[in-house]
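Undergrad: Provided below are the primary sequence and the corresponding predicted coordinates.
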Amino acid sequence: MPAEVDPNFPYGLDRPRQARATAGVGMILGVVTLVSALLPGAFDGARALFVLVLLLACLSSFVISGGLFRTASASKVKAADRLLNGLDLRGDEDALDLGCGTGLMCAGLAVRLPDGQVTGVDAWIEGQLTPNGHKVTKRTLSLAGVKGVTVRTGSIRELPVQDDAVDLVVSRDVLALLPSDTARVEAVRELVRVLRPGGRVALLEPFRTRIVVRELRTLGLTDATRSRRRWTTMPPLRTITATKPPAPRG
Ligand SMILES: C[S@@+](CC[C@H](N)C(=O)[O-])C[C@H]1O[C@@H](n2cnc3c(N)ncnc32)[C@H](O)[C@@H]1O
């Protein structure tokens with residue numbers, strides 16, 4: 001199915017502090033590099049190496065901050081679209097987006113699931129996405145022309161959702177931001193609890209993916225796998241997929 005969400009619609013800046021801090025560090029390093037390069041004897045022996053290291057550090061900072069800002073525009077919409085297009089959805093599934101932020105994945109789900117129910121849950125954690133909040137998300141989805149999404153405030157470690165309630169759980173860049181592996185394990189247990197037998201998991205995560213896959217397998221989702229990193233967003237993301245086994249017959 002082709003992407004039907006606007007790839008340029010703004011869904012907020014992830015990790016805003018890191019994005020601004022790395023841009024600031026890049027600028028400071030740029031000035032220091034320039035001053036060092038203009039000093040007499042800057043390119044003699046060990047000093048030339050020092051200038052080169054400064055230059056590389058400066059460029060790296062700009063690459064990281066540029067990547068973070070670029071991800072806020074089209075890159076993360078494309079990453080979400082790629083994930084959702086790969087799921088081959090029927091259109092009547094009930095889906096849950098963990099840590100929905102301003103509704104990027106909810107919007108992509110809503111256009112693909114005209115006969116299903118889409119719910120986003122977020123605790124609106126300060127400093128992880130800007131702007132963020134229940135009202136911001138409702139407004140963003142409305143501006144994007146998306147209808148019928150339920151947005152709920154709550155923790156993904158204690159989901160405000162019944163057992164066996166959804167056919168699909170998705171998420172992008174949320175489990176990695178939890179404070180510990182214990183928290184990640186709790187979140188994985190919760191997402192498996194709310195999945196119906198036969199339901200699917202599709203996550204995009206940059207870090208700590210091994211522990212997520214391990215917990216999914218421990219909970220009986222034996223087909224749980226993670227892909228290689230894709231460098232189209234900053235930080236680069238891996239896709240984690242799994243299926244909850246169907247209920248035993250009889
Ligand atoms: C980097 S943003 C990603 C937002 C969204 N998934 C997207 O793709 O645009 C991380 C989001 O996870 C949410 N979050 C972090 N920890 C959470 C928790 N324990 N429960 C619910 N939401 C959480 C934050 O509030 C934030 O909206």
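TA: Structure received.
Undergrad: so what's the model's average confidence on stretch 106-120?
TA: Averaged over stretch 106-120, pLDDT sits at 97.
Undergrad: apologies, that question was intended for stretch 227-241.
TA: Stretch 227-241 comes out at a mean pLDDT of 95.
Undergrad: cool, stretch 188-201 as well?
TA: Mean predicted lDDT for stretch 188-201 stands at 98.
Undergrad: could you list the buried residues of the lengthiest strand in the chain?
TA: Secondary structure of the chain per DSSP state E: the longest strand is strand 195-205. Going by neighbour count (16 or more other Cβ atoms under 10 Å), the buried part of strand 195-205 is 195-196, 199-205. The C-beta positions use only the backbone N, C-alpha and C, and glycine is treated the same way.
Undergrad: show residues contacting that strand.
TA: Applying Cβ atoms under 8 Å, 6 or more residues apart in numbering, the external contacts of strand 195-205 come out as 79-80, 83-84, 86-87, 164-176, 191-192, 212, 216, 221, 224, 237-247.
Undergrad: which stretches of the protein form helices?
TA: Listed in chain order, the helices found in the chain under DSSP state H are 16-38, 45-70, 76-85, 104-112, 134-143, 181-194, 209-218.
Undergrad: can you redo those helices as TSV with distance to Arg230?
TA: Below are the helices of the chain laid out as TSV (distance: least, Cβ to Cβ, whole Å):
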stretch	distance to Arg230
helix 16-38	19
helix 45-70	12
helix 76-85	7
helix 104-112	16
helix 134-143	25
helix 181-194	21
helix 209-218	12
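Undergrad: looking at these, which is closest to Asp92?
TA: Closest to Asp92 of these, according to Cβ to Cβ: helix 104-112, at 10.5 Å.
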